[in-house]
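Visitor: Build me a model:
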Amino acid sequence: MESDAFDDLDRALVHALQLDGRAPFSRIARVLGVSDQTVARRYTRLRTTGAIRVLGLTDPAAVGDVVWLVRVRCLPDAALAVAEALARRTDTSWVSVLSDGTEVAASTRAASGQDSDTLLLRKLPQTPRVVGVSAHCVLHEYFGGEQSLVHKSDTLTDEQVERLRPPAARRPEGPRRPVGAEDRKLLDVLVRDGRTPLTELAAVTGWSQSTVRRRMAELRADGTLYFDVDYSTRMFRQGVRATMWLSVRPSDLAATGQTLADHPEVAFACATTGSKNLLATVVCADVPALYTYLTTRIAELPAVRDMEISPILRRIKGPGALFSPPSRVPWRAS
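Guide: This next block holds a predicted model:
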């Protein structure tokens with residue numbers, strides 16, 4: 001779908017779902033001032049054309065995972081195949097081809113150091129046509145996860161945001177209840193479709209619908225589960241995306257990271273290991289807007305000692321577990 005195929009109601013619906021991915025269409029309709037049927041039709045159209053997906057995702061720390069950011073340097077004719085092979089893995093997300101088409105960036109989660117070593121330190125460096133691999137552990141996230149660039153779009157008014165925001169759940173006292181095998185069944189479905197009906201969730205888990213509803217509420221309250229919207233960048237006319245690595249003095253890392261998080265152009269920001277210790281994904285309307293951002297907002301950050309920026313040429317995989325690789329890809333990262 002082209003950018004002019006989307007209108008203000010489409011964008012408002014995305015913002016509403018970002019606030020509460022499982023909000024009833026009736027509540028969204030009341031706030032947006034349209035009928036329930038209109039919201040349902042719009043969602044169905046956007047969902048079936050691939051313009052949006054609501055995903056139920058887990059906070060890595062809550063389930064004991066460590067997040068790694070991987071940079072893979074390839075020969076020019078291998079980057080796309082390597083990127084698609086990485087995207088096949090269920091433990092990867094945000095797989096992109098960067099720069100001049102010779103570098104792939106991906107995010108991967110591992111439950112243990114041994115799992116990380118398997119992919120990052122052994123398999124990738126030994127892959128034909130891969131000439132270099134670097135991996136950086138995410139130490140702290142300043143913006144991302146449940147937070148979204150959609151919240152910075154001002155698509156909805158402050159009043160509408162407050163009406164759509166779900167009531168603050170009471171966080172359970174004491175330690176977080178461990179995620180069990182039945183929870184995994186629930187989460188495995190939600191990561192593919194965050195709006196899966198209760199009837200289907202009950203059938204998968206073997207729980208009653210009331211138990212499913214209660215357990216989802218518990219997982220959201222303790223920060224384990226959150227809902228995100230993966231949407232077409234054309235919907236918000238986000239023309240240029242780039243990954244930016246910054247080198248910042250350790251004493252200024254937290255303050256600089258928070259400043260980046262507040263920038264309307266920043267979709268993701270985190271502190272990482274490595275000589276470039278601050279990473280951000282930047283979204284601008286076009287190349288001149290990116291230049292303006294770099295020479296104004298970034299130039300004004302006194303703690304930045306060095307910077308490397310790489311345009312995102314092609315996004316291969318977004319958040320969540322879904323990816324449908326073409327049959328022509330000859331290489332596997334498994």
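Visitor: what ranges do the strands span in the stretch 51-200 of the chain?
Guide: Secondary structure of the stretch 51-200 of the chain (DSSP state E, counting those that start in this stretch): strands at 52-58, 66-74, 92-98, 103-110, 130-143.
Visitor: Out of these, flag the one nearest residue 196.
Guide: Using C-beta to C-beta as the criterion, the shortest distance between residue 196 and the strands of the stretch 51-200 of the chain is 8.2 Å, found for strand 52-58. All C-beta atoms are positioned from the backbone trio N, CA, C, and that covers glycine.
Visitor: quick check: mean pLDDT across the closest one?
Guide: What strand 52-58 shows for mean pLDDT is 95.
Visitor: Need the contact partners of it.
Guide: Surrounding strand 52-58, the residues in contact under the criterion C-beta atoms under 8 Å, 6 or more residues apart in numbering are 14, 17, 21-22, 43, 46-47, 65, 145, 179, 187, 189-195, 224-232, 235, 319-320, 322.
Visitor: Could you turn the buried ones of these into a ChimeraX selection?
Guide: Buried members of the contacts of strand 52-58, defined by 16 or more other C-beta atoms under 10 Å, are picked up in ChimeraX with:
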select :14,17,21,22,43,46,65,145,179,187,189,190,191,193,194,195,224,225,226,227,228,229,230,231,232,235,319,320,322
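Visitor: Just the ones of the contacts of strand 52-58 in helices?
Guide: With DSSP state H as the criterion, helices contain 14, 17, 43, 46, 47, 187, 189, 190 from among these.
Visitor: ok so, going back, generate JSON lines for the strands of the stretch 51-200 of the chain, with mean neighbour count and distance to residue 203 as supplementary columns.
Guide: As requested, those are exported to JSON lines (neighbours: other C-beta atoms under 10 Å; distance: least, C-beta to C-beta, whole Å):
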{"stretch": "strand 52-58", "mean neighbour count": "22", "distance to residue 203": "17"}
{"stretch": "strand 66-74", "mean neighbour count": "20", "distance to residue 203": "32"}
{"stretch": "strand 92-98", "mean neighbour count": "23", "distance to residue 203": "27"}
{"stretch": "strand 103-110", "mean neighbour count": "23", "distance to residue 203": "27"}
{"stretch": "strand 130-143", "mean neighbour count": "17", "distance to residue 203": "34"}
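Visitor: Would you mind putting those strands into CSV with distance to residue 124 alongside?
Guide: Below are these laid out as CSV (distance: least, C-beta to C-beta, whole Å):
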stretch, distance to residue 124
strand 52-58, 24
strand 66-74, 6
strand 92-98, 11
strand 103-110, 10
strand 130-143, 5
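Visitor: so how far is residue 308 from the closest residue to residue 287 other than its chain neighbours?
Guide: Nearest in space to residue 287, with sequence neighbours left out and distances taken as C-beta to C-beta, 6 or more residues apart in numbering, is residue 240 at 5.8 Å. Distance from residue 240 to residue 308, counting by C-beta to C-beta, to the nearest Å: 16 Å.
Visitor: now do residue 215
Guide: As judged by C-beta to C-beta, residue 215 and residue 308 stand 43 Å apart.
Visitor: out of these two, which sits in the busier spot?
Guide: Neighbour count, other C-beta atoms under 10 Å: between residue 215 and residue 308, residue 215 has more, with 19 against 13.
Visitor: Residue 252 is in contact with residue 305, correct?
Guide: No. With contacts counted by C-beta atoms under 8 Å, residue 305 stays clear of residue 252, the gap being 9.7 Å.
Visitor: Tell me which of these two has more neighbours.
Guide: Here residue 305 and residue 252 are compared on neighbour count by other C-beta under 10 Å; more neighbours surround residue 252, at 16 against 12.
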